[in-house]
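> Below are the sequence and a predicted model for it; my questions follow.
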Amino acid sequence: MQLRPFSSPSAQAATWALLVFVPLGLIFSYAMLYMPCYADFCIEHVHKIARDSSQIALAVFWLWVISVAVVMFQSTRSPALHKWLHTPWRKTSYTNGEFWLIASITAVFLLNTIFYIIRVEYLLQSPAYARRNLHPSRRKAFFWAMWTGKLTDVSLGMLFLLSAKNNGFQTLFGVRYERMVRVHRGVGWFFMGAVFFHTLLYLIYTKGWRTWEDLLWSHFTGGQKPGATMSGHGEHAPGWGQGNWLNTMGAYCDILLIPILLFSLPWVRRRFFTLFYAVHMLAIPAAIFAFLHAASDFYYCIPGLGMYAVDLIIRLNRLRQPNKVLSVTEEPAGFLRFDIDMPEDWKKGKEEVSGMWMFVNVRGISRLQWHPYSLAQAPSSDVLTVMFKPNFEKGTEFEAQFAKLLLSKDAETLSSVKIAIDGPLGGLTFDPQDVDTLLCFAAGTGITPALGILRKAIAARVMKGREVKVCLFWSVRDEGAEGCSILQEILAESQGAVHLEVFHTGAASDSDSEQVLDTVEVPASFGEKAKIAKLESAHTLNNTVTNSVVVTRRRMDPAGLLTTHVSASSGAASPHKLGVFVCGAPAFVDSTRKHITAFTEVTRGAVDVMLHEEGFEM
């Protein structure tokens, strides 16, 4: 089960931030429509039609926020709804909950589009605009700019609402952060598209009544070029509060958004994540220029900005309370393990922390960047355990720098490494105590959360005496990975209650033949020595559980593993409950999900599958 909403101070603060800033945002967004305009020009303060339109659009936005809150809160009380929200939607990587959230966001955007196309035309036909005798091109510029601009209002508000790492939507309503990031990216691309068309269409139609020189001058200096001839088509007098700086603030916002857009491209973000993270800080000044460009942008951003501010305060507080690195271990196959002391405020829920993840900040590398790491310690441990594989070829990336820093210290100087942590986040969407069989499919460093979940299931089996079959299947490129210390610890903890299988994909031959490698021994320091007999086929194990690690040279076959390790009868009184955890690169997760979906369809009625998947994309 996930940590309850108020189990950690970070979660508590984020939840209270949501409960406080949502009603405050609702109140202030409507109140500011009647307050003096802080921006250069507020159309809502000049035309009643515009104010009425903004009130209706804000009502749609707040109705969306409240609807999401109600559904997510209800999911914490209804197991059936909770399960449905976390079930994959039509064999895709999206859950029903994500699809519902995306569909609701799309509906809000669609309603705003239709509503403002109608209302802007109605505004331009009003007597106030008719008296201005606008040039036809300028009238078109107003029409297109106004309704596309209103799409940026609501999308910018959603972006901030979904951006905070400690976010009440996650802690109170159970929406996981990594899923929130994916929705945040989708809304971000929509926002960028709306800004692009908002700017482009305005420039195209404004060019019909202004020269390019005059147009550029007005967009970067807030007024007419000295000596320019006024065309007499409704221009404002120079000065703040007349609408001249409106375009200038928008132009500066656009300029700051360009690097954010470029570094958000998937292949750029993955290769230069540290730089992507730093460039994203430009979002704050860009938002300020957006607020000065159109005051209504701010109305939608109040709750998101409030939660983001609380998130920053939480981070600053965590920076003041660094944790000690207790040990560093160079593991086989290039993996690196480090153990740190668990914060006191985590210990009351430590049984739930295994398999979750945290954000790590290393003072010696950056005070700004927080990197996610999954947790693999036993539920009873007061020590947090992480295992990752640094890529030293990317020497400027966070993990490479972090690994070099850890390896440069000896036992006496290791305590000088200052690490701040925040979380925990994530957690299984099903309870491992409620399943008959738990299968964990992991690739590469996806092994870390799988190990934490595995240890949680083992502990529940030992303490509650429930006969849960537990299996781990790990696909890894380099040989020797089966010798990692955490695997050996699990063998000792499980007392023969877990099946571990490692697939060396880097050693697989062209024919992808199956070959069982030599015996793996568990060191005496971790318990009684156990050996694996050499087997002709790894699948001869069937349902036999041995205190061993089976190591093969072949690619993982999820379909075969499901058939081998899940036994269920269609005539059983109740369906066999199968819990599946998948973590790895997107291609691995997608492929495994397809096999699980096919297995679910074949065994429909006999097996009740609960799937939880995680990926490396953040």
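Sure, I can see it.

> can you list the domain ranges for this protein.
The chain is divided into the following domains under automatic domain parsing: 9-227+238-306, 325-425, 432-615.

> Please convert these to CSV, extending it with mean pLDDT.
As requested, those are arranged in CSV below (pLDDT from 0 to 100):
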stretch, mean pLDDT
domain 9-227+238-306, 79
domain 325-425, 84
domain 432-615, 71
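
> got TSV for those domains, with distance to residue 315 and mean neighbour count too?
For glycine as for every other residue, the C-beta is placed from the backbone atoms N, C-alpha and C. Compiled in TSV, those are given as follows (distance: least, CB to CB, whole Å; neighbours: other CB atoms under 10 Å):
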stretch	distance to residue 315	mean neighbour count
domain 9-227+238-306	8	18
domain 325-425	6	18
domain 432-615	23	18
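
> With distance to residue 312 added, can I get these in TSV?
Compiled in TSV, the domains of the chain are given as follows (distance: least, CB to CB, whole Å):
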stretch	distance to residue 312
domain 9-227+238-306	9
domain 325-425	11
domain 432-615	26
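
> so which of those domains comes closest to residue 313?
Closest to residue 313 of the domains of the chain is domain 9-227+238-306 (CB to CB; 7.7 Å).

> The domains of the chain: which one's closest to residue 318?
domain 325-425 (4.6 Å).

> Would you pull up how far the closest one lies from the middle of the chain?
From the chain centre to the centre of domain 325-425 is a distance of 20 Å (CA atoms, centre = their mean, to the nearest Å).

> Indicate which one of the domains of the chain is closest to residue 314.
domain 9-227+238-306 (5.2 Å).

> Could I get the full set of strands for this structure?
325-330, 336-341, 357-362, 371-374, 383-388, 419-425, 437-443, 469-476, 498-504, 549-552, 576-584, 607-615 (DSSP state E).

> Among the ones you listed, which comes closest to residue 50?
strand 419-425 (41.3 Å).

> Counting by contacts, list what the closest one packs against.
Other helices and strands packing on strand 419-425, by 3 or more CB pairs under 8 Å, 6 or more residues apart in numbering; DSSP states H and E, are helix 296-319, strand 357-362.

> Kindly calculate the angle that that strand makes with helix 296-319.
Taking axes from the mean of the first three to the mean of the last three CA atoms, to 10 degrees, one finds strand 419-425 and helix 296-319 inclined to each other by 120 degrees.

> on that earlier part again, same list, the helices and strands packed on strand 419-425, but as TSV with distance to residue 57 please.
TSV is the format used below for the helices and strands packed on strand 419-425 (distance: least, CB to CB, whole Å):
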stretch	distance to residue 57
helix 296-319	8
strand 357-362	35
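
> For residue 561, find the nearest of these.
Minimum separation from residue 561 across the helices and strands packed on strand 419-425 (CB to CB) falls at strand 357-362, 25.1 Å.

> Show me what the closest one is packed up against.
helix 296-319, strand 371-374, helix 398-407, strand 419-425.

> would CSV of the ones you listed with distance to residue 488 be doable?
CSV is the format used below for the helices and strands packed on strand 357-362 (distance: least, CB to CB, whole Å):
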stretch, distance to residue 488
helix 296-319, 32
strand 371-374, 19
helix 398-407, 21
strand 419-425, 25
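
> Compare these and report which one is nearest to residue 489.
So among the helices and strands packed on strand 357-362, strand 371-374 is nearest, using CB to CB, at 16.2 Å.

> Next up, the contacts around the nearest residue in space to residue 575 that is not next to it in sequence.
In space, and not counting its chain neighbours, residue 575 is closest to residue 608: 4.2 Å by CB to CB, 6 or more residues apart in numbering. Taking CB atoms under 8 Å, 6 or more residues apart in numbering as the criterion, residue 608 is in contact with 575, 576, 577, 578.

> do the same with residue 32
Residue 32 touches 295, 298, 299, counting by CB under 8 Å, 6+ apart.

> hang on, isn't the second one packed against residue 291?
Yes - between residue 298 and residue 291 a contact is recorded at 4.4 Å, counting by CB atoms under 8 Å.

> Contact partners for the closest residue in space to residue 399 that isn't next to it in sequence?
Counting by CB to CB, 6+ apart, residue 390 is the residue found nearest to residue 399 once chain neighbours are left out, at 4.6 Å. Counting by CB under 8 Å, 6+ apart, residue 390 touches 334, 336, 399, 400, 402, 403.

> Relative to residue 32, how far out is the fourth one?
Remark: distance between residue 400 and residue 32 (CB to CB, to the nearest Å) = 47 Å.

> How about residue 86?
38 Å.

> Please apply the same query to residue 426.
Counting by CB to CB - residue 426 and residue 32 are separated by 37 Å.

> Residue 361 too?
For residue 361 relative to residue 32 (CB to CB), the value is 35 Å.

> shouldn't residue 43 be in contact with residue 50?
Yes - with contact defined as CB under 8 Å, residue 43 counts as touching residue 50 (4.5 Å).

> shared neighbours, the two?
Common neighbours of residue 43 and residue 50 (CB under 8 Å, 6+ apart) do not exist.

> The stretch 401-550 of the chain: helices as residue ranges?
447-464, 485-494 (DSSP state H, counting those that start in this stretch).

> Now find how far off-centre the shortest one is within its chain.
Yep, that's helix 485-494 we're talking about. A distance of 31 Å separates the centroid of the chain from that of helix 485-494, by CA atoms, centre = their mean.

> between that helix and strand 383-388, how big is the angle?
130 degrees.

> and helix 485-494 with helix 447-464, angle?
Using the same axes, to 10 degrees: helix 485-494 against helix 447-464 is 10 degrees.

> Just the helices from the stretch 151-300 of the chain, written as ranges.
Under the criterion DSSP H, counting those that start in this stretch, the stretch 151-300 of the chain contains helices at 168-171, 177-206, 212-221, 244-263, 266-271, 273-279, 283-293, 296-319.

> So which other helices or strands are in contact with the longest one?
With contacts defined as 3+ CB pairs under 8 Å, 6+ apart, helix 177-206 has these neighbours: helix 96-124, helix 136-161, helix 168-171, helix 244-263.

> Residue 340 is nearest to which of those helices?
Residue 340 sits nearest to helix 168-171 of all those, at 22.7 Å, using CB to CB.
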